[in-house]
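Peer 1: Prediction below, plus the sequence it came from.
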Amino acid sequence: MSEQRFNELRGEPVVYAIHRQDRTFLPTRERCPLDATRPGGPETEIPVASFEIAVFENRFPAFSSPRGAAEVVVYTDDHDGSFGTLAAERAEALMWVWRHRYLELGARADIEYVFIFENRGVEVGVTLHHPHGQIYGYPFLPPVPALELAADERLGGCTPCALLAGELDDGRRLLVENDAVVAYVPFAARWGYEVHVATREHRPSLAACGADELRLLADALQRVVRGFDALFERPFPYVMAVHQAPTGDSGGIDAPGGGHLHVEFYPPLRTAEKLKYLAGSEQGAGTFIADMLPEDSAVALREAIARAG
Ligand SMILES: [Zn+2]
Ligand SMILES: [Zn+2]
Ligand SMILES: [Zn+2]
């Protein structure tokens, strides 16, 4: 179905998923494939009349068994919500669903890295507006988590632990704090309103978190996203990336190799209307040029989070 090649010059895999050209593109409200299948209504991807959270295999997968997995996670059967507006209990339940998928996909021998993410907004290529995220089970360790593990080697310890300690010490870029997690604009953010949410304790993955931590993680994530929406008083596009320990190719989640659960948000907006484009320096040299300081973004985001509640 899809073909993987290795780009020698960059030292990274590229996946060709040609069939994805045919995938559903911004269907009308009546034809939303992520709605429940209501009696008398059109058949959707989800063959039940109502649901809380639904997970199913992507019909247009970039990865599929026995070479990985691609799943869709639908947060609610309410078409018009968003992650930020889910009831707190539902957001908490979503953390348990993520945890379950991490464990189950991570136990597969053909999956080395379980990547949970959400693309939100047409600005980041979203083709369906119904609140949902995705999970890829990569049959290899992708470059970004590999870079983070290389940072652990370079620093001689857990990098997210060290960065969090630095942010707590500095304090200027902190956004949300509770007993289990901290949200902040990182010291060297690449995106104008980049936010990281990390567990206070060293937790390799969601599987290592207690029930209270999962609840408090959900709460902090929702506060961040509601703050995003309040910032420019418009739905705020972002990529949300959940980084966790690799699960290895031996099956099971005990694979050595480090990792510290954190969630990164990459929002492409610089102002209410202006998008940050990845252009010459970013694409050709790999160096982000930002036009605002993380300390200033943090002030604006803190105010927006307070407004949003
Ligand atoms: Zn829908
Ligand atoms: Zn750590
Ligand atoms: Zn990360």
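Peer 2: Great, that's in hand. Ligands and ions are numbered 1, 2, ... in the order given.
Peer 1: Can you tell me the closest non-neighbouring residue to the residue in the stretch 201-309 of the chain positioned nearest to ligand 1?
Peer 2: Relative to ligand 1, the nearest point of the stretch 201-309 of the chain is Pro235 (15.2 Å; CB to the ion). Every C-beta, even on glycine, is put in place using the N, C-alpha and C of the backbone. Once flanking residues are discounted, Pro235 sits nearest to Asp229: 6.0 Å by CB to CB, 6 or more residues apart in numbering.
Peer 1: check which helix or strand covers the one you found.
Peer 2: Under the criterion of DSSP states H and E, Asp229 resides in helix 211-231.
Peer 1: Now do that helix: distance to the chain's middle.
Peer 2: The chain centroid and the centroid of helix 211-231 are separated by 13 Å under CA atoms, centre = their mean, to the nearest Å.
Peer 1: how about the CA coordinates for it, as CSV?
Peer 2: What follows is helix 211-231 as a C-alpha-only set of coordinates in CSV (Å, rounded to 0.1, in the frame of the first residue of the first chain):
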residue,chain,number,x,y,z
ALA,A,211,-4.7,8.4,37.5
ASP,A,212,-4.3,11.8,39.1
GLU,A,213,-1.5,12.7,36.6
LEU,A,214,-3.6,11.8,33.6
ARG,A,215,-6.5,13.9,34.9
LEU,A,216,-4.1,16.9,35.6
LEU,A,217,-2.5,16.4,32.2
ALA,A,218,-5.8,16.6,30.5
ASP,A,219,-6.7,19.7,32.4
ALA,A,220,-3.5,21.5,31.5
LEU,A,221,-3.8,20.6,27.9
GLN,A,222,-7.3,21.9,27.7
ARG,A,223,-6.3,25.2,29.4
VAL,A,224,-3.5,25.7,26.9
VAL,A,225,-5.8,25.0,23.9
ARG,A,226,-8.6,27.3,25.3
GLY,A,227,-5.9,30.0,25.8
PHE,A,228,-4.9,29.6,22.2
ASP,A,229,-8.5,30.1,21.0
ALA,A,230,-8.8,33.2,23.3
LEU,A,231,-5.5,34.7,22.1
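Peer 1: That one packs against which elements?
Peer 2: For helix 211-231, the packing partners by 3 or more CB pairs under 8 Å, 6 or more residues apart in numbering; DSSP states H and E come out as helix 88-106, strand 174-177, strand 181-184, strand 195-199, strand 238-243, strand 262-266, helix 294-308.
Peer 1: Relative to His79, which of the ones you listed is closest?
Peer 2: helix 88-106 (14.6 Å; CB to CB).
Peer 1: Return the set of buried residues in the closest one.
Peer 2: By 16 or more other CB atoms under 10 Å, the buried positions in helix 88-106 come out as 90-99, 101-103, 105-106.
Peer 1: measure the residue of the chain most remote from its centre to Asp169 for me?
Peer 2: No residue in the chain sits farther from the centre than Gly40, which is 35.0 Å out by CA atoms, centre = their mean. According to CB to CB, to the nearest Å, Gly40 and Asp169 sit 60 Å apart.
Peer 1: same question, Asp219
Peer 2: Taking CB to CB, one finds Asp219 at 24 Å from Asp169.
Peer 1: the more surrounded of these two?
Peer 2: Neighbours were tallied for Asp219 and for Asp169 using other CB atoms under 10 Å; the higher tally belongs to Asp219 (18 against 7).
Peer 1: residues in contact with the single nearest residue of the chain relative to ligand 3?
Peer 2: Going by CB to the ion, ligand 3 is nearest to His243 of the chain, at 3.6 Å. Residues near His243 by CB atoms under 8 Å, 6 or more residues apart in numbering: 144-145, 148, 259-264.
Peer 1: and ligand 3, which of these reach it?
Peer 2: When contact is defined as CB under 5 Å from the ion, those meet ligand 3 at Glu264.
Peer 1: Now, of the contacts of His243, which are buried?
Peer 2: By 16+ other CB under 10 Å, the contacts of His243 give 145, 148, 259-264 as buried.
Peer 1: The residues you listed also near ligand 2: which ones?
Peer 2: His260.
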